[in-house]
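# here's my sequence, what's the structure:
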Amino acid sequence: MPVANQTVAKDAIYAVLKSAVEGSAYAALNIIYPDSQEGKPTDKHIRVFVDMTDEQQRSIGGTGLRRYRVYGMVMIQIFTPFGNGEVDADAIAGVVKGAFRGVNTGADAITFRHARVVSVGQDGSWLQTNVTVEFDYDELA
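As a prediction, this is how the structure comes out:
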């Protein structure tokens, strides 16, 4: 079945990330979502964002029967303490990247592609590493 809407898609993407982190050696890692009311983190953590970047109509039909392909990107920012965080950053990036490599959320649902790691460098007292993943899914409208 196609994904019902953008909120359902985001929730499914967040669930993939959360499941991978909780099943790893970094189960206690704080995941900060866009609408979190988090204070300033004091330990290693990750922030996650999901952006829908494009949409194309894939079929014709009546309202509620037209299929649209939605494209997007998920960005996971990994923050570890600067000065001794590169080993953790690389390990966390491996967990995150692995969660999305060659994965989909079920038949005719969200498909993830092109998971990659980018070392950003120092951000204040943090070492920042990003993982970006492209995805697409179909939606009826």
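# next, the spatially most distant residue from the centre of the chain: secondary structure please.
Within the chain, residue 62 marks the point farthest from the mean C-alpha position, 32.5 Å out by C-alpha atoms, centre = their mean. Under DSSP: H, G, I helix; E, B strand; the rest coil, residue 62 falls in the coil class.
# can you check residue 88 too?
helix.
# grab the nearest non-local neighbour of it.
Once flanking residues are discounted, residue 88 sits nearest to residue 80: 4.6 Å by C-beta to C-beta, 6 or more residues apart in numbering. (Each C-beta comes from the backbone N, C-alpha and C, glycine too.)
# give the pairing partners of the helix or strand harbouring that neighbour; include direction for each.
Using DSSP states H and E, residue 80 sits in strand 67-81. Paired neighbours of strand 67-81 in the sheet (DSSP bridges): strand 45-57 (antiparallel), strand 126-140 (antiparallel).
# residue 89: which of these is closest?
In this view, the strands paired with strand 67-81 are compared for proximity to residue 89 by C-beta to C-beta, and strand 126-140 is the closest at 4.3 Å.
# got the phi/psi numbers for residue 2?
phi -60, psi 160 (degrees, to the nearest 10).
# how about it: what's its closest non-neighbour residue?
Excluding the flanking residues, the one nearest residue 2 by C-beta to C-beta, 6+ apart is residue 138, at 4.2 Å.
# what of residue 128?
Among residues not flanking residue 128 along the chain, residue 120 sits closest, at 4.0 Å (C-beta to C-beta, 6+ apart).
# for that neighbour, what are its contacts?
The contact partners of residue 120, taken as C-beta atoms under 8 Å, 6 or more residues apart in numbering, are 77, 128-130.
# can you pick the most crowded of the residues you listed?
Within the contacts of residue 120, most neighbours by other C-beta atoms under 10 Å means residue 129, with 24 neighbours.
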